[in-house]
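**Student:** Structure for this input, please:
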Amino acid sequence: FLLTHVPARWNNWQLAAVLLLATAVSWLAWQALVGSLAVAAAALYLPFAAGDWLLFWWLPHSRRSFGPIGPQLVATTVPRVLAVVIAALIGGFSGAVGALLVLTALQLFGSGVYLWGALHEPFALALTEQDARATRWPANASPLRLLHLSDLHVERLTPRESRLLQLVAEARPEIIVITGDYLNLSYVDDPTARAEVRKVLEKLSAPLGVYAILGSPPVDPRNTTPSLFDGLTNIRLLRDEV
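**Tutor:** Below you'll find the predicted structure:
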């Protein structure tokens with residue numbers, strides 16, 4: 001988890017070097033497995049990878065997502081290079097031209113998946129309801145409506161957070177429990193992100209209370225995350241208590 005976050009600190013030159021290295025790997029793989037049109041295969045890969053970079057650059061400007069480019073670009077580059085290798089393997093049976101057509105289809109499919117994941121999926125929030133029956137719950141007692149929230153991973157306030165608060169209001173919970181990971185890893189120490197997540201937390205309320213715990217230690221550092229709840233009288237942060 002932390003290793004994949006290392007590219008967050010890379011500058012544009014380092015990211016460009018990664019894409020050029022991936023292009024070289026694509027050429028070598030195609031040359032070794034197909035033997036012809038390796039330059040065409042590598043040239044086909046590069047604009048798709050550059051398009052991913054452009055997408056990740058545009059996201060914060062559109063106020064949809066604010067994560068660093070590096071980890072996302074590396075994560076999308078690996079499957080694209082694998083697609084080159086898969087198409088090259090297919091080229092052993094279908095020929096170089098057929099393999100190029102397969103590679104084009106795979107890269108187009110990848111772009112569709114990445115666009116869906118970047119533009120739609122983060123905002124497709126939904127409420128999942130489950131009935132849980134406790135053996136010690138009195139038979140004549142009314143059911144308790146409990147809302148569980150987790151992994152908010154706030155970077156900045158976006159339509160996603162607005163939708164979240166709307167779903168909370170519609171659920172009408174009697175008690176809310178939050179199980180950590182309040183900020184995204186890249187924004188753990190970001191003052192603006194910390195202020196933004198507090199704006200979300202302060203709007204949560206339930207008749208029987210709102211209770212929170214800390215999540216993953218890298219995302220919820222024990223020395224800084226508790227201060228997110230300072231002055232929030234609507235939430236009780238549980239520390240070494242039940």
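
**Student:** Which other helices and strands does the host helix or strand of residue 95 contact?
**Tutor:** Following DSSP states H and E, one finds residue 95 within helix 69-119. Contact here means 3 or more Cβ pairs under 8 Å, 6 or more residues apart in numbering; DSSP states H and E; on that basis helix 69-119 packs against helix 12-33, helix 38-61. Bear in mind the C-beta positions are built from the backbone N, C-alpha and C, glycine included.

**Student:** avg pLDDT for the shortest one?
**Tutor:** The one in question is helix 12-33. Average pLDDT, helix 12-33: 92.

**Student:** Alpha carbons of stretch 210-220, in CSV - could you do that?
**Tutor:** Output in CSV follows, covering the C-alpha atoms of stretch 210-220 (Å, rounded to 0.1, in the frame of the first residue of the first chain):
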residue,chain,number,x,y,z
VAL,A,210,-22.3,9.2,16.5
TYR,A,211,-19.2,7.0,17.4
ALA,A,212,-15.9,6.9,15.6
ILE,A,213,-12.7,4.9,15.8
LEU,A,214,-9.3,5.3,14.0
GLY,A,215,-8.6,3.3,10.8
SER,A,216,-5.4,2.2,9.0
PRO,A,217,-2.4,3.7,10.8
PRO,A,218,-0.8,5.1,7.6
VAL,A,219,-4.0,6.9,6.8
ASP,A,220,-5.1,7.7,10.3
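
**Student:** Need the contact partners of it.
**Tutor:** Outside stretch 210-220, the residues that touch it by Cβ atoms under 8 Å, 6 or more residues apart in numbering are 1-2, 150-151, 153, 175-185, 188, 201, 204, 222, 225-226, 229, 234-239.

**Student:** cool, stretch 148-157 as well?
**Tutor:** Residues contacting stretch 148-157 (Cβ under 8 Å, 6+ apart): 63, 65-67, 161, 164, 168, 176-184, 186-187, 192-193, 196-197, 199-200, 204, 215, 219.

**Student:** now swap in stretch 49-60 and tell me
**Tutor:** By Cβ under 8 Å, 6+ apart, stretch 49-60 touches 15, 19, 22-23, 65-67, 69, 72-73, 76-77, 80, 111, 114-115, 118.
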